[in-house]
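1. Here is my input; please provide its structure:
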Amino acid sequence: MCKFDLSKPYCFYFNEIAKIPHGSFDEEKIADYVYNFGLENGLETIRDEYNNIIIYKEASKGYEDSAPLLLQAHLDMVCEKNGDSDHDFKKDPLDLYVEDGFLKARGTTLGADDGAGVAYILSILADDKLSHPKLECVFTVQEEVGLCGALNLNTSLIKSRRMISLDGNGEVTTAITSAGGCVVTQSLDLKYIPNDKPCYKLFITGLSGGHSGNDIHLEKGNEMILGAHMLEVCPTIACEKPKIQVHPLGIGDREDPARLVFKAKKGSGIVVSLVDMGDRFRMIVNDIECQTQEHDMPKLPVAGVLWKPLPDFKTSAAAWIYAGGSHHSVLSYDLTAEHMRDFAEIMGIEFVYINKDTKIPEFRKELEYNDVVWRNK
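-> The predicted model follows:
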């Protein structure tokens with residue numbers, strides 16, 4: 001999209017939709033807008049108790065005998081915002097702007113899923129010059145939280161046997177399907193465990209977003225770990241000539257230290273942590289892929305390594321925590337997990353390995369088995 005041209009109907013209607021808060025469970029105002037649109041255009045319009053809306057438009061001249069066609073979109077959007085945004089999805093309009101040829105919302109999700117679909121359908125309904133069969137246009141609610149509107153829709157109001165869902169994968173892609181879906185509800189007993197230890201939350205923000213299904217292969221929102229330390233580093237891992245700089249320490253009353261400052265090289269490696277389990281030592285090894293550090297860190301002038309843990313950030317972090325891993329670790333490009341396994345065996349140390357094949361259920365079972373074995377040694 002090179003220009004957000006409000007003279008084009010689909011742009012106009014999307015802009016109008018963006019002015020109306022319409023998160024899941026808060027679709028009443030957007031439903032008012034679509035319902036009134038239908039009435040104002042002299043179209044038969046039905047609204048149910050869930051705020052689902054169906055607008056009918058008779059066939060254009062010459063298409064009276066054609067089979068009816070259903071067009072579908074959903075009214076709700078996913079409401080997410082950046083940590084520094086004070087946007088209130090209950091009352092604030094979206095702040096639209098164009099950047100590098102793309103339409104965006106400042107600090108929040110755009111709501112193009114499925115505001116774009118709604119805008120296109122309204123554009124079709126408002127155009128009396130189009131040739132078309134009878135149209136049955138369905139706008140459902142709470143799609144993002146479980147297809148609730150669609151599941152409660154009175155399907156006896158629909159006669160079409162063909163449907164186009166405007167909630168797809170892009171402007172140039174059409175998927176032909178007859179697939180359905182199902183919802184499975186599982187109930188588990190929740191057991192609370194007393195805790196007197198500090199609790200923490202990890203937030204990752206400001207990343208490039210995308211659809212959890214359609215964009216998963218693009219690795220959007222790709223969480224990687226930046227390991228940085230100002231003293232205990234080896235200059236041989238640098239991708240460039242290291243610098244020695246003096247910067248304020250900011251803690252205690254010590255003199256400002258000289259520190260190595262560089263970006264680390266790209267390549268495969270491991271991170272290793274050794275923890276005291278009380279009756280034994282446990283060595284935790286995680287395979288990693290060190291990445292090119294694209295940006296400078298003027299506010300963190302230290303040696304830094306940017307790595308992607310295997311198999312992925314979520315699994316690696318969970319496994320590391322379950323294994324009792326600490327924030328102190330050692331990184332190596334030259335040693336491998338097999339080297340560390342041999343060393344652990346020689347020294348009588350428990351060895352735990354996180355790699356591309358790690359799955360949390362199996363990993364937790366391994367820890368339980370290890371605990372039994374080592375306690376009986």
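2. Report the spatially nearest residue to Thr45, omitting neighbours in sequence.
-> In space, and not counting its chain neighbours, Thr45 is closest to Gly38: 3.2 Å by C-beta to C-beta, 6 or more residues apart in numbering. In short, each C-beta sits where N, CA and C put it, glycine included.
3. how about that neighbour, secondary structure?
-> Classification of Gly38 using DSSP: H, G, I helix; E, B strand; the rest coil returns helix.
4. and it, how many neighbours?
-> 22 (other C-beta atoms under 10 Å).
5. and if you look at the one 10 residues further on?
-> Residues contacting Asp48 under the criterion other C-beta under 10 Å number 15.
6. now swap in the one 5 residues further on and tell me
-> Using other C-beta under 10 Å as the criterion, Ile53 is surrounded by 25 other residues.
7. ok, now which ones touch Lys3?
-> Val98 (C-beta atoms under 8 Å, 6 or more residues apart in numbering).
8. let's go with 6 Å and repeat that
-> For Lys3, the contact set (C-beta atoms under 6 Å, 6 or more residues apart in numbering) is empty.
9. Now stretch 331-351: buried residues?
-> Leu331, Ser332, Tyr333, Ala337, Met340, Ala344, Ile349, Glu350, Phe351 (16 or more other C-beta atoms under 10 Å).
10. Quick check: the farthest pair among the residues you listed?
-> Within the buried residues of stretch 331-351, Tyr333 and Glu350 form the most distant pair, 24.6 Å apart (C-beta to C-beta).
11. Same list (the buried residues of stretch 331-351) but as CSV, adding distance to Glu58, secondary structure and pLDDT.
-> Output for the buried residues of stretch 331-351, formatted as CSV (distance: C-beta to C-beta, whole Å; DSSP: H, G, I helix; E, B strand; the rest coil; pLDDT from 0 to 100):
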residue, distance to Glu58, secondary structure, pLDDT
Leu331, 69, strand, 88
Ser332, 72, strand, 89
Tyr333, 70, coil, 89
Ala337, 69, helix, 95
Met340, 73, helix, 94
Ala344, 76, helix, 93
Ile349, 78, coil, 92
Glu350, 74, strand, 94
Phe351, 73, strand, 95
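12. ok, these vs Arg280, which is closest?
-> Among these, and counting by C-beta to C-beta, the member closest to Arg280 is Glu350, at 5.6 Å.
13. and Pro9, what pLDDT?
-> Note on Pro9: pLDDT of 94.
14. Please name the nearest non-neighbouring residue to it.
-> Closest residue to Pro9 apart from its sequence neighbours, by C-beta to C-beta, 6+ apart: Ser123 at 3.8 Å.
15. how near is the one you found to Ser60?
-> Counting by C-beta to C-beta, to the nearest Å, the gap from Ser123 to Ser60 is 15 Å.
16. cool, Asp342 as well?
-> 77 Å.
17. for Pro9, same thing?
-> 17 Å.
18. Which residue of the chain lies farthest from its centroid?
-> Taking C-alpha atoms, centre = their mean, the residue of the chain most remote from its mean C-alpha position is Gly62, at 46.7 Å.
19. In three-state terms, label that one for me.
-> coil.
20. Show me where the stretch 251-377 of the chain has its strands.
-> For the stretch 251-377 of the chain, the strands defined by DSSP state E, counting those that start in this stretch cover 258-263, 267-276, 281-291, 303-309, 330-332, 350-354.
21. elements contacting the first one?
-> Put plainly, it is strand 258-263. strand 243-246 (3 or more C-beta pairs under 6 Å, 6 or more residues apart in numbering; DSSP states H and E).
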